[in-house]
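Colleague: mind looking at a prediction? Sequence and model below.
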Amino acid sequence: MTNSELITRIPQRDRRAIARAITIVENDMPETGALLRELAPRLGHAYRVGITGPPGAGKSTLTSELTKLLRSKGMTVAIIAVDPTSPFTGGALLGDRIRMQEISMDEGVYVRSMATRGSLGGLAAKAKDAADILDAAGFDYVIFETVGVGQSELDIAKAADTTAVVLVPESGDAVQAMKSGLMEIADFFVVNKSDREGADQAVRALTTILSFRITHKEDEWIPPVIKTTASKNEGIEQLFAKIEEHHAHLTKTGHLISRRLERERERVHELVEAMLRVDFWNTRRRAMLETELVQVIKHEKTSFDLARELVAASL
Ligand SMILES: Nc1nc2c(ncn2[C@@H]2O[C@H](COP(=O)(O)OP(=O)(O)O)[C@@H](O)[C@H]2O)c(=O)[nH]1
Ligand SMILES: [Mg+2]
């Protein structure tokens, strides 16, 4: 498919075109820049939601139940799964796979997993670009399912407008969330598996921890804590209600724009760094480095000064 075919077909929600376009951005293929440029005028419709939390918390179950709810309200949904343990990417129980197949048969649902390919560098950025493609395709919601374990996974939260952190009742999860940085990225918390013991205690623990963080700034959003039992489809309406409340809050306060500005600011920074890195180490600079290194070894020049010279050199 040529770029112009892609650009015609993506807004028609052509699955093959969408899949191809995401592969292009995922692999940094040369068409990426032109593709995103052509799609840019179509962006801005989709609301982007992050569902993150430890493995096994019920993120995939929640995501598929939320998707069904959104579909019942007539909305279209795209899911990007960045999760090595996800049903979307395999390694799941049979029941989960059947459930996902069920929703992905639906014309109004698109499911895509993104590989971590060993290094996670740039994955957050790529997830954002993939979401842009799905936004251009006209989906009402783009949901990112990510395992919140490392910094790079946490970064993916920045690609979302609203991030829900999913935990389970077992004691210690709240403390774990605090340690792992999940607390900072949560717009609200979901205590899933609340059919198990300790759900109310977990809600109280989280609420207490959160109360210490309140700064009483004007327009402050205090992350709510809700309970769900995804496997029994309980609490999903409330999950959707919280997404909508947070969306309304962001819109009212202007924070939606500042969040999106921040997202693009980071993306531009990242791209500039990548471009500089590629352009900087040309043959002549590499040669200059090799020549001058001898002086560094002889202590006639510091590596600091050599770096400065390389940057200053117009090669
Ligand atoms: N008891 C109970 N089990 C659940 C609930 N939600 C999900 N599960 C189960 O927990 C397991 C992990 O769920 P999954 O959605 O794959 O978790 P993920 O790794 O966070 O995506 C699956 O066997 C689910 O069926 C729940 O609310 N209660
Ligand atoms: Mg999962």
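Modeller: Received the coordinates, thanks. Not measured: the values here are computed from a predicted model. Ligands and ions are numbered 1, 2, ... in the order given.

Colleague: what residues does the stretch 151-300 of the chain have near ligand 1?
Modeller: For the stretch 151-300 of the chain, the contact set with ligand 1 under Cβ under 6 Å from any ligand atom comprises 192-193, 195-196, 229-231. From N, CA and C alone the C-beta is placed, and that goes for glycine too.

Colleague: among those, who's most crowded?
Modeller: Counting neighbours by other Cβ atoms under 10 Å, the top entry in these is residue 192, with 29 neighbours.

Colleague: now it: how far from ligand 2?
Modeller: Between residue 192 and ligand 2 the distance is 12 Å, computed by Cβ to the ion, to the nearest Å.

Colleague: from now on call the first residue 14
Modeller: Yep, numbering from 14; the last one is residue 205 now.

Colleague: go ahead and confirm that residue touches residue 75.
Modeller: Yes. Using Cβ atoms under 8 Å, residue 205 makes contact with residue 75 at a distance of 6.3 Å.

Colleague: overlap in contacts, the two.
Modeller: 179, 241, 243 (Cβ atoms under 8 Å, 6 or more residues apart in numbering).

Colleague: can you classify residue 178 by secondary structure?
Modeller: strand (DSSP: H, G, I helix; E, B strand; the rest coil).

Colleague: that one: what's it in contact with?
Modeller: So residue 178 contacts 65-66, 161, 190, 195-196, 198-199, 201-203 (Cβ under 8 Å, 6+ apart).

Colleague: among these, which are in strands?
Modeller: Secondary-structure check on these using DSSP state E: residues within strands are 65-66, 201-203.

Colleague: want to throw those into a markdown table with distance to residue 304?
Modeller: Listed next are these as a markdown table, based on distance: Cβ to Cβ, whole Å:
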| residue | distance to residue 304 |
| --- | --- |
| 65 | 49 |
| 66 | 52 |
| 201 | 57 |
| 202 | 57 |
| 203 | 59 |
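
Colleague: now those as a markdown table including neighbour count and pLDDT?
Modeller: Putting those into a markdown table (neighbours: other Cβ atoms under 10 Å; pLDDT from 0 to 100) gives the following:
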| residue | neighbour count | pLDDT |
| --- | --- | --- |
| 65 | 26 | 91 |
| 66 | 27 | 89 |
| 201 | 20 | 95 |
| 202 | 28 | 95 |
| 203 | 28 | 96 |
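
Colleague: so how far does stretch 162-175 reach from one end to the other?
Modeller: Separation of the first and last residues of stretch 162-175 by Cα to Cα, to the nearest Å is 18 Å.

Colleague: just to be sure, residue 20 is in a helix?
Modeller: Yes. Membership of residue 20 in a helix is supported by three-state DSSP.

Colleague: next, count neighbours for it.
Modeller: 19.

Colleague: my read: it touches residue 50, true?
Modeller: No. Applying Cβ under 8 Å as the test, residue 20 and residue 50 come out as separate, 9.7 Å apart.

Colleague: overlap in contacts of these two?
Modeller: Counting by Cβ under 8 Å, 6+ apart, nothing touches both residue 20 and residue 50.

Colleague: all strands of the stretch 164-313 of the chain, in order?
Modeller: 175-180, 201-204, 238-240 (DSSP state E, counting those that start in this stretch).

Colleague: about what we covered before: list just the nearest of the contacts of residue 178 to ligand 1.
Modeller: Taking Cβ to the nearest ligand atom as the measure, ligand 1 lies nearest residue 66 of these, at 6.1 Å.
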